[in-house]
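>>> Based on what follows, work out the 3D shape:
(2 chains)
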Amino acid sequence: MQDRLSRTSINKKQVIIGFIALLIASGVYLIDRPPDQTYFISQSPLSITLYDSIPNLFGTIGYSLPAFLHVFSFILITAGLIFCNKRSYLIICVFWFFVDSAFELGQKFNDVTPQIVPDWFAGIPFLENTRNYFLQGTFDVIDLAAIAFGSLIAYFVISVTRERSAIA
Amino acid sequence: MNKTRNGFMKSLRYVCLMGVIALGFMTIVATGGGGNGDGDGDGDNNGASPNIVLLGSLNVTTDYFGDIKIFGELKNTGNKAAIFIEIKFTFYDSSSNVIGTDYTYVDGSCMKISTINTTSDTALVPNEFGAFELWTNIDANLVSSYTYRISFDAYDLEQPTANLVVDSINIQTDYFDDLELLGTATNLGTTGLIFGKISFAIKNAAGLIIDTDFSYIEGENVYLKSIDSYTDTALNVGSTGTFDVSTSIGSTEYSTYYYKTSWSDANISNGIAEHISDILSNAVIERNYDHLNNQDRREARKERDMRIERIKNKVKQLMKSNEIKDATSE
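Numbering: from 1, shown residues only, chains lettered A, B, ... in the order given. From the prediction side, this is the model:
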């Protein structure tokens, strides 16, 4: 009975940590990046940027922090939704590691990747920026390292928070 | 009961999981380069904004010097028109060192900036697309990769008072079996126009832009007071002119084409034209590049880009001084 309930409940702690990480990542874009360089800020109907209002907060770490936090937060959120064993957690970590790495590498091989993006993406919010993402973004090997590090830390965090939530 | 509840929760969780994966993908691309304007144009757009994206694939090729040359199309997927739409490329070598940058402006629609009465053919209204052709002096053999950035201004725009409309197009081949587009165009607007121009974008069967070419209208010869010179590119209200656009595209290479017209509004009377938008006086130099050979086309593109850059900066200054005046009067 205890096991069945655990399987159908959500690990709130993991989901909350994931969303907090996502908020911090958003802060990097809102505070440290010029608004015209980020799609979701430049497209917002409201002026949400704090670029000119608050001094640079994250410094040089802000360059790769979003790469770290993105993979970290989505591993936590996904794991929080699927309450499962350590092997499944590993699969989740590997999945998000490959997704984030693939997008980063797509910026390096940007003579090929934009051609894969379907034309019908144009005009669809968010998807319309996919081609711009590959061609305007700059590949950085430190971002790749940040993604790997984020995946490892996320695996550690979900392993630690797993037992506690099972008891709860 | 418990079984039903658990089944529902399981299904709900799968839906949530799919949503999280979709959100994950969207947050990746949403944090990428915005490809958007510099925001100088209008600080108060009431939620409406342009969004310029690359449409289809780039056609990366080389010119006769072996320098990299890029054709492409941009589309406005936003809900407001944009003007001075520029695409700037940065080129890298195999060690990821920057080896050069270059920019060009889109061949767009002719629109007027409402507050300062200035027209430019670098505008795209919502859902409109236009072509660009970038010539560089960067050796293609040295280029390993490139990135690009799109920028534009989002001033309030309106249709110019003149309106150059193409009546007919006749497709021929020249002596070299290259595509030649001839036809007539009429001014259906409410004022005269000068520097009437037609620009073609030509595509191959794969849908790639393979050439852009333009020609000025052979119209009425008028004296242009503001620069003390003559131009035969004028059309008064209701008048018709001709055009002849020569391309370097073989007649079997092309599949489709489209065109844009542009001009400067002018009052024409007794063979004398007065610019309605004085800021464009510089446009007269472009006339010298009509009927071009290949090398001149490269120069003409560069000249056009530099001319637009000057006008764009001048407009920016004017808008800024207007803002200061408004603030002072308040």
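>>> and the residue in the stretch 51-200 of chain B that chain A sits nearest to, what does it touch?
Among all residues of the stretch 51-200 of chain B, B:Thr77 sits closest to chain A, at 4.5 Å; criterion: C-beta to the nearest C-beta. Using the backbone N, CA and C atoms, a C-beta is placed for each residue, glycine as well. B:Thr77 sits next to A:Ala122, A:Gly123, A:Glu128, B:Asn51, B:Ile52, B:Val53, B:Pro126, B:Asn127 when contact means C-beta atoms under 8 Å, 6 or more residues apart in numbering or on different chains.
>>> same deal with B:Ile268?
Counting by C-beta under 8 Å, 6+ apart, B:Ile268 has contacts B:Gly192, B:Ile194, B:Glu220, B:Val222, B:Ala234, B:Asn236, B:Glu274.
>>> ok, now with 7 Å
Contact partners of B:Ile268, counting by C-beta atoms under 7 Å, 6 or more residues apart in numbering or on different chains, are B:Gly192, B:Val222, B:Ala234, B:Asn236.
>>> again with A:Leu144
A:Leu144 makes contact with A:Ser101, A:Glu104, according to C-beta under 7 Å, 6+ apart.
>>> related to what we said a few turns ago, narrow the contacts of B:Thr77 to just the buried residues.
A:Ala122, A:Gly123, A:Glu128, B:Asn51, B:Ile52, B:Val53, B:Pro126 (16 or more other C-beta atoms under 10 Å in any protein chain shown).
>>> Mind checking which of the residues you listed are in strands?
Among those, the members found in strands (DSSP state E) are B:Ile52, B:Val53.
>>> and which of the buried ones among the contacts of B:Thr77 is nearest to A:Val71?
A:Glu128 (23.7 Å; C-beta to C-beta).
>>> Surely that closest one touches A:Asp119?
No: with contact defined as C-beta atoms under 7 Å, A:Glu128 does not reach A:Asp119; the gap is 10.6 Å.
>>> From B:Trp135, how far out is the residue of the stretch 51-200 of chain B closest to chain A?
Taking C-beta to C-beta, to the nearest Å as the measure, B:Thr77 falls 27 Å from B:Trp135.
>>> residues contacting the residue nearest to the spatial centre of chain A?
Closest to where the C-alpha atoms of chain A average out (C-alpha atoms, centre = their mean) is A:His70, at 1.9 Å. Counting by C-beta under 7 Å, 6+ apart, A:His70 touches A:Ala25, A:Asp100, B:Thr27, B:Ile28.
>>> Which members of these are positioned in helices?
Counting by DSSP state H, the part of the contacts of A:His70 found in helices is A:Ala25, A:Asp100, B:Thr27, B:Ile28.
>>> Save the residues you listed as a markdown table, and put in neighbour count, pLDDT and distance to A:Tyr133 too.
Formatted as a markdown table, the ones in helices among the contacts of A:His70 follow (neighbours: other C-beta atoms under 10 Å in any protein chain shown; pLDDT from 0 to 100; distance: C-beta to C-beta, whole Å):
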| residue | neighbour count | pLDDT | distance to A:Tyr133 |
| --- | --- | --- | --- |
| A:Ala25 | 21 | 92 | 16 |
| A:Asp100 | 26 | 94 | 12 |
| B:Thr27 | 18 | 87 | 11 |
| B:Ile28 | 25 | 86 | 7 |
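>>> Throw those residues into JSON lines and include distance to A:Tyr51, thanks.
Shown next, in JSON lines, are those (distance: C-beta to C-beta, whole Å):
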{"residue": "A:Ala25", "distance to A:Tyr51": "16"}
{"residue": "A:Asp100", "distance to A:Tyr51": "24"}
{"residue": "B:Thr27", "distance to A:Tyr51": "19"}
{"residue": "B:Ile28", "distance to A:Tyr51": "21"}
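>>> right, and the pair among those residues with maximum separation?
Using C-beta to C-beta, the pair of the ones in helices among the contacts of A:His70 lying farthest apart is A:Ala25 and A:Asp100, separated by 11.9 Å.
>>> Quick one: end-to-end distance for stretch A:119-127.
Using C-alpha to C-alpha, to the nearest Å, one end of stretch A:119-127 lies 10 Å from the other.
>>> go on, stretch A:45-63?
End-to-end span of stretch A:45-63 (C-alpha to C-alpha): 26 Å.
>>> before we move on, the earlier item: nearest to A:Ser151 among the contacts of A:His70?
Of all the contacts of A:His70, A:Asp100 has the smallest distance to A:Ser151: 8.1 Å, by C-beta to C-beta.
>>> hey, where'd the helices end up in the chain?
Since no chain was named, I'll use chain A. For chain A, applying DSSP H gives helices covering A:2-8, A:12-27, A:39-42, A:65-81, A:86-108, A:113-116, A:130-136, A:141-167.
>>> oops, I was thinking of chain B
Using DSSP H, the helices found in chain B span residues B:2-30, B:294-329.
>>> B:Tyr148 is nearest to which of these?
helix B:294-329 (14.8 Å).
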